[in-house]
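can you look at this prediction? I've put the sequence above it.
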Amino acid sequence: MSVTREEVAKIASLARIKMGDAELDTMVPELNNILDWVEQLGEVDCSGVEPMTAVIPNSLRLRDDVVDAIPETAGGRREDVLANAPAAEHGFFGVPKVIE
Amino acid sequence: MTSYRIQGATGEWEVVIGLEVHAQVTSNAKLFSGASTAFGAEPNTQVSLVDAAMPGMLPVPNRECIRQAVRTGMAIDAEINKYSRFDRKNYFYADLPQGYQISQLYHPIVGEGQLLIEADEKAGIPEDKVIGIERIHVEQDAGKLMHDQHPTMSYVDLNRSGVALMEIVSKPDMRSPAEAGAYVRKLRAILRYVGSCDGNMEEGSMRADVNVSVRKPGEEFGTRTETKNVNSVRFVMQVIEYEANRQVDVLENGGTVDQETRLFDPNTGTTRTMRSKEDAHDYRYFPDPDLLPLELEDSFLDECRASLPELPDAKRARYENELGLTPYNARELTAEVETFARFETLLGVAAAKIGKPEAKVATQVANWALSVAPGVVKSLGEEADMANATAEAQAAILAMQDKGEISGGQAKEIYEIVLKTGRDPEEIADSEGLKQVSDTGAIETAIDEILANNEDKVEQYRGGKDKLFGFFVGQTMKAMQGKANPAVVNQILKDKLG
């Protein structure tokens, strides 16, 4: 598996990462090296081995349906939430107008 | 069987419709955080650091949201997937702080199910039809953008960000606006019966993406368009009507339909292309590494199943088969949660008060609940105080009517007074003289007088002019000022006229 220069440019643009020609020159071969390296795993015969999602058997934990039970994941902290906003007005985030 | 067709210049076209309904899951807290889901709070006051996508925060699913999705799946006879997984759908938009939506693309929690829409001749649905449901998956809602508050900025409120949604995807099984409308209404009823979504379309708790294509009957599916975020049954039907006709026009003028996303404008009833970059649909889905697969235990599924209420189809069948209601009454009474809840309460109280089994009084109660009582309420308008519309008061009126103490007209008059004043129905009947005379003596006297004054008609009646019976009933009721018990009047008249 390998990626073309166009594919890398497109993925970068989808991820909103600005990437000039010089960077693409180095990034494309680097990515392909990584892909080649990972591809070695394909040489291992793993037929009959169950796919594993975690090294330690573990199951997804669920939370109870309780509002603001844990301070770290509770609402009611608008100042914290807005603290890093480039613009905050009347309790809203302000962003450049996104409608034509 | 009549079917919906668009008449084009080149002949008839069939419309093919599939719906993706987004239903907000009823829960106290959000899907992956403890922030509240309550509607209408001050902006950004119900946003946790998880919902704001602060670095290092990890999502932990809310059990109740999972439970409601499973119960909904069970209510549409769907396969429940004991193994499901969350995936990231990547895109950038100002209402999505994470830069991705956590959804379920590859392994949804609910698989194939179905839903029945009932025949409704008047609405253009000639027979019952089963609509296939492809899947239900659980995902996060985005925040809300406001564009009209500032000249150069859009405002973002993340209160809705991270609230749990169920996306319910139908198969392309619908063939007319009426069927799509019936599907949305039925789905809404099921969600509300189950209690997994409040179904409030105005507040955005339910909205639909409408997929429409057209084809010549019998041919392959045409290219579809998807109209996003349609928030009422009427608008869903308008979108289909408009899109189907638009596509037929395009095709008949030699054009092709573009597979695209469109927006509905409720003011004009039309749809238009949503301007979008060509890459917009490249979501680069991948399994969310923050979340392990969701594996459901049998005990959890058993609990979900045991907690399901009687569902609309079963209830409708029971109303018809066990309570002996007409199909129309059964359908009307089971359409909304509030309607059947009021009916069942009244039925229980009335049956007890009358002293007969529910099945014996159900028809009387149904007619009262669907037509008589709403008629009185409507005629009173603002004067009606619905706090007075208790089951006890209504049952008391129905019981007096059942015993023949009051007529149908008197029942309405008494109910009017009840609604206005909250007085006791039996007391009203007594003190306002709103009772039928069942006293045979008084009725007999009145009848004797009428027969004596109309000897010619009595003779004609006895000579075979049966229709005159109604005349005698009318005269008697008039003489009794409408208060005579009709059954007693009929009996005495029959006896006397021989």
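Here it is on my side, so go on. Residues are numbered from 1 along each chain as shown, chains lettered A, B, ... in the order given.

next, the contact list for residue B:233, please.
B:181, B:184-185, B:201 (CB atoms under 8 Å, 6 or more residues apart in numbering or on different chains). All C-beta spots, glycine's among them, are computed from the backbone N, C-alpha and C.

for residue B:478, give me the backbone phi and psi.
In terms of degrees, to the nearest 10, the main-chain angles of residue B:478 are phi -60, psi -50.

nearest spatial neighbour of the residue most central in space within chain A, chain-adjacent residues omitted?
Residue closest to the mean C-alpha point of chain A, counted by CA atoms, centre = their mean, is residue A:15 at 9.0 Å. Take residue A:15 and drop its neighbours on the chain: the residue closest to it by CB to CB, 6 or more residues apart in numbering or on different chains is residue B:90, 7.9 Å away.

tell me which other helices or strands the helix or strand residue B:18 falls within touches.
Assigned by DSSP states H and E, residue B:18 belongs to strand B:11-24. On a contact count with 3 or more CB pairs under 8 Å, 6 or more residues apart in numbering or on different chains; DSSP states H and E, strand B:11-24 meets strand B:6-8, strand B:164-170, helix B:177-194, strand B:206-215, helix B:233-252.

just to revisit the earlier point, by neighbours, which of the contacts of residue B:233 wins?
Within the contacts of residue B:233, most neighbours by other CB atoms under 10 Å in any protein chain shown means residue B:184, with 25 neighbours.

so how far is residue B:18 from the nearest residue to that residue once chain neighbours are set aside?
Distance criterion CB to CB, 6+ apart; nearest residue to residue B:184, sequence neighbours excluded, is residue B:233 at 5.1 Å. Between residue B:233 and residue B:18 the computed distance is 16 Å (CB to CB, to the nearest Å).

do residue A:30 as well
On the measure of CB to CB, residue A:30 and residue B:18 end up 44 Å apart.

more neighbours, the two?
residue B:18 (23 against 11).

returning to what we had before: okay, the residue nearest to the centre of chain A: pLDDT?
Listed pLDDT for residue A:15 reads 88.

look up phi and psi at it.
Torsion angles, degrees, to the nearest 10, at residue A:15: phi -90, psi 10.

grab the longest helix from chain A for me.
When chain A is parsed with DSSP state H, its longest helix is helix A:21-39.

list the buried residues of it.
For helix A:21-39, a neighbour-count test (16 or more other CB atoms under 10 Å in any protein chain shown) marks A:27-28 as buried.

can you check stretch B:429-440 too?
Neighbour-count burial for stretch B:429-440 [16+ other CB under 10 Å]: B:429, B:434-438.

now do the same end-to-end measure for that stretch.
20 Å (CA to CA, to the nearest Å).

that older thread, chain A: which of the contacts of residue B:233 is nearest?
residue B:201 (22.9 Å; CB to the nearest CB).

hang on, the earlier thing: next helix or strand past the longest helix of chain A?
Following helix A:21-39 in sequence, per DSSP H and E, is helix A:78-82.

ok, residue 54 - how many residues close by?
By default, I'm working from chain A. Residue A:54 has 9 nearby residues by other CB under 10 Å.

hmm, I had chain B in mind actually
14.

for residue B:464, same thing?
Neighbour tally, residue B:464, other CB under 10 Å: 8.

mind listing what the spatially closest residue to residue B:20 that is not a sequence neighbour touches?
Residue nearest to residue B:20 in three dimensions, not counting chain neighbours: residue B:209, with 4.2 Å by CB to CB, 6+ apart. Contacts for residue B:209 (CB under 8 Å, 6+ apart) come out as B:19-22, B:226-230.

the same query, at a cut-off of 7 Å, please.
Neighbour list for residue B:209: B:20, B:226-228 [criterion: CB atoms under 7 Å, 6 or more residues apart in numbering or on different chains].

which of those residues lies closest to chain A?
Among these, and counting by CB to the nearest CB, the member closest to chain A is residue B:228, at 14.3 Å.

am I right that the closest one sits in a helix?
No - applying DSSP: H, G, I helix; E, B strand; the rest coil, one finds residue B:228 to be strand, outside a helix.

how close does it get to residue B:137?
For residue B:228 relative to residue B:137 (CB to CB), the value is 17 Å.

where along the stretch 1-150 of chain B do the strands fall?
B:6-8, B:11-24, B:83-84, B:87-90, B:100-103, B:113-117, B:129-140, B:144-146 (DSSP state E, counting those that start in this stretch).

kindly reformat those as a markdown table containing mean pLDDT.
Shown next, in a markdown table, are the strands of the stretch 1-150 of chain B (pLDDT from 0 to 100):
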| stretch | mean pLDDT |
| --- | --- |
| strand B:6-8 | 92 |
| strand B:11-24 | 97 |
| strand B:83-84 | 96 |
| strand B:87-90 | 96 |
| strand B:100-103 | 97 |
| strand B:113-117 | 97 |
| strand B:129-140 | 98 |
| strand B:144-146 | 93 |
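
among these, which comes closest to residue A:24?
For residue A:24, the closest of the strands of the stretch 1-150 of chain B is strand B:87-90, at 20.9 Å, according to CB to CB.

can you give me how far that closest one is from the chain middle?
Counting by CA atoms, centre = their mean, to the nearest Å, strand B:87-90 is centred 33 Å from the centre of its parent chain.

do the same with stretch B:105-113
On CA atoms, centre = their mean, the centre of stretch B:105-113 falls 25 Å from the chain's centre.

alpha carbons only: can I get that stretch in CSV?
What follows is stretch B:105-113, C-alpha atoms only, in CSV (Å, rounded to 0.1, in the frame of the first residue of the first chain):
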residue,chain,number,x,y,z
LEU,B,105,-21.2,3.5,11.0
TYR,B,106,-19.9,-0.1,10.8
HIS,B,107,-21.6,-1.8,13.7
PRO,B,108,-24.8,-0.1,14.7
ILE,B,109,-26.6,-1.1,17.9
VAL,B,110,-29.9,-2.0,16.1
GLY,B,111,-30.2,-3.9,12.8
GLU,B,112,-33.2,-4.5,10.5
GLY,B,113,-36.7,-3.9,11.8
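
does that stretch reach chain A?
No - figure legend: stretch B:105-113 not in contact with chain A (CB under 7 Å from any CB of the partner chain); closest approach 11.7 Å.

give me the pLDDT value at the residue of the stretch 251-400 of chain B found nearest chain A.
Across the stretch 251-400 of chain B, no residue is closer to chain A than residue B:292, which sits at 4.1 Å (CB to the nearest CB). Turning to residue B:292, the model gives it a pLDDT of 92.

so it makes contact with residue A:60?
Yes - contact status for residue B:292 versus residue A:60: in contact at 4.1 Å, counting by CB atoms under 7 Å.

related to what we said a few turns ago, what about the residue nearest to residue B:184, distance to chain A?
Here residue B:233 is placed at a distance of 27 Å from chain A (CB to the nearest CB, to the nearest Å).

kindly report the same for residue B:168.
21 Å.

quick check: closest non-adjacent residue to that residue.
That would be residue B:21: by CB to CB, 6+ apart, it lies 4.6 Å from residue B:168.

same check on residue B:419?
residue B:384 (4.4 Å).

what about the one you found, how many neighbours?
18.

can you check residue B:120 too?
Neighbours around residue B:120, by other CB under 10 Å: 16.

for it, give the beta-bridge partners.
residue B:125 (DSSP bridges).

residue A:81: neighbouring residues, count only.
25.

any idea whether residue A:86 is helix, strand or coil?
Quick answer, by three-state DSSP: residue A:86 is coil.

was I right about residue B:195 contacting residue B:23?
No - contact between residue B:195 and residue B:23 fails when scored by CB under 7 Å: they sit 11.9 Å apart.

who has more neighbours, the two?
residue B:23 (25 against 15).

any idea how far residue B:486 is from the more buried one?
Counting by CB to CB - residue B:23 and residue B:486 are separated by 51 Å.

likewise for residue B:99?
Between residue B:99 and residue B:486 the computed distance is 75 Å (CB to CB).

list the contacts for residue B:407?
Residue B:407 makes contact with residue B:436, according to CB under 7 Å, 6+ apart.

now it: phi and psi?
Per degrees, to the nearest 10, the backbone of residue B:407 is at phi -90, psi 170.
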